[in-house]
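J.: this one's structure only:
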């Protein structure tokens, strides 16, 4: 599903994106904008969580710059959702290995 990733670009099903994106297991892709670019708040994941995923993989940047605070992690896990926060290249590898309709990838393609 995800063909490649490099700093500032991700290719999904042959289409290149130069912004952070959310990728659903069914192949749906949409832009992902956060209120505070390098800090992840629960509000940044509201739309994603409405689809009731069982697993969320967050790619926190090529250099792991995106911060996921403990309260965000706790709020997600309290809903019974498995949360994994990985360096973005590793997040892509994990998503591609186990993609299914209950998994969502939110990926930061920059720092």
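T.: Done, it's in. Quick caveat: nothing in here was measured; it's all calculated off a predicted structure.

J.: rest of the way, CA atoms for contacts and neighbours
T.: Will do.

J.: next up, the contacts around residue 89.
T.: Going by Cα atoms under 8 Å, 6 or more residues apart in numbering, residue 89 touches 5-6, 59, 62.

J.: most neighbours among these, please name it.
T.: The most crowded member of those, judged by other Cα atoms under 10 Å, is residue 59 (28 neighbours).

J.: still on that earlier bit, helices - which of the contacts of residue 89 land there?
T.: Among the contacts of residue 89, no member is found in helices (DSSP state H).

J.: between these, which is closest to residue 41?
T.: Closest approach to residue 41 among those (Cα to Cα): residue 59, at 14.4 Å.

J.: farthest-apart pair in the contacts of residue 89, please.
T.: The widest separation within the contacts of residue 89 (Cα to Cα) is 12.3 Å, between 6 and 59.

J.: mutual contacts of those two, please.
T.: 89, 109.

J.: all helices for this structure, in order.
T.: Remark: helices assigned in the chain by DSSP H are 46-50, 70-77, 88-98.

J.: need the winner for burial among the ones you listed.
T.: Comparing those by mean neighbour count (mean count of other Cα atoms under 10 Å), helix 88-98 comes out on top with a mean of 18.

J.: show me how far it is from its chain's centre.
T.: Centroid displacement of helix 88-98 relative to its chain, using Cα atoms, centre = their mean, to the nearest Å, is 10 Å.

J.: mind checking the pLDDT average for it?
T.: The pLDDT scores in helix 88-98 average 96.

J.: mind putting the helices of the chain into TSV with distance to residue 40?
T.: Converted to TSV, these look like this (distance: least, Cα to Cα, whole Å):
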stretch	distance to residue 40
helix 46-50	11
helix 70-77	8
helix 88-98	15
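
J.: among the ones you listed, which is nearest residue 16?
T.: helix 88-98 (14.4 Å).
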